[in-house]
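**Q** take this sequence and fold it.
(one chain, ligands or ions: 2)
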Amino acid sequence: MERTLIIIKPDAVQRGLVGDIIARFERRGLRIAAMKLIHIDEELASQHYAVHKGKPFYAPLIRYITSSPVVVMVLDGSRAIEVVRRTMGSTNPVEATPGTIRADYGLEIGRNLVHGSDGPETAAAEIALYFSESEVLPYKRAIDDWIAE
Ligand code: IDP
Ligand code: MG
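**A** Ligands and ions are numbered 1, 2, ... in the order given. Model prediction:
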């Protein structure tokens, strides 16, 4: 069982795509362990995207992610990190496989709708950035045995 952090970015919230994006993760069988609507400030954005500091797209990226509220969620399930990344599609929507979120709704890399953690260490660090331990809820669903062996 893996956990991952998802951000439904400002463009997706403004375009009314929150429900559709959550539905795509839900119907794969991933479990929602935590979720909230927040407005990311500069401080939090710089922590989240620290790895990209100094790159040419850093300033516009910080402006983008702080421009309007986002939905942050923790999803879990078997191989959740890779499942989420593949459901989102490639970073650049132009290169994303049709059927993925970024391909179905996006045109440009700077408006690519969703974030998903890229590995177990980043997932743990990103979850801790947005949620306290008590906000990540360990409940069982009646359908769990029909989703995972
Ligand atoms: P990821 O979101 O698929 O993990 P990263 O390379 O970690 O992609 O980049 C983080 C975010 O920064 C991207 O999702 C995108 O919003 C933005 N970004 C990355 N590369 C570019 C670029 O070349 N131009 C504009 N924005 C970019
Ligand atoms: Mg990344």
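
**Q** CA atoms for contacts and neighbours, from now on please.
**A** Noted.

**Q** my read is V72 is in a strand, agree?
**A** Yes: under DSSP: H, G, I helix; E, B strand; the rest coil, V72 sits within a strand.

**Q** what residues are up against it?
**A** 5-8, 35-38, 130 (C-alpha atoms under 8 Å, 6 or more residues apart in numbering).

**Q** for L107, same thing?
**A** Counting by C-alpha under 8 Å, 6+ apart, L107 has contacts 92-94.

**Q** then it would be within a helix, right?
**A** No: judged by three-state DSSP, L107 forms no part of a helix; its state is coil.

**Q** neighbour-wise, which of the contacts of L107 leads?
**A** Highest neighbour count within these: P93, with 24 neighbours (other C-alpha atoms under 10 Å).

**Q** that residue touches R102, doesn't it?
**A** Yes: using C-alpha atoms under 8 Å, P93 is in contact with R102, at 5.0 Å.

**Q** shared neighbours of the two, anything?
**A** N112.

**Q** coming back round to it: just send the contacts of L107 back as a markdown table, with distance to ligand 1, pLDDT and secondary structure too.
**A** What follows is the contacts of L107, written out as a markdown table (distance: C-alpha to the nearest ligand atom, whole Å; pLDDT from 0 to 100; DSSP: H, G, I helix; E, B strand; the rest coil):
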| residue | distance to ligand 1 | pLDDT | secondary structure |
| --- | --- | --- | --- |
| N92 | 8 | 98 | coil |
| P93 | 10 | 98 | coil |
| V94 | 12 | 98 | coil |
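
**Q** any chance of these in a markdown table, plus distance to D20?
**A** Shown next, in a markdown table, are the contacts of L107 (distance: C-alpha to C-alpha, whole Å):
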| residue | distance to D20 |
| --- | --- |
| N92 | 20 |
| P93 | 17 |
| V94 | 20 |
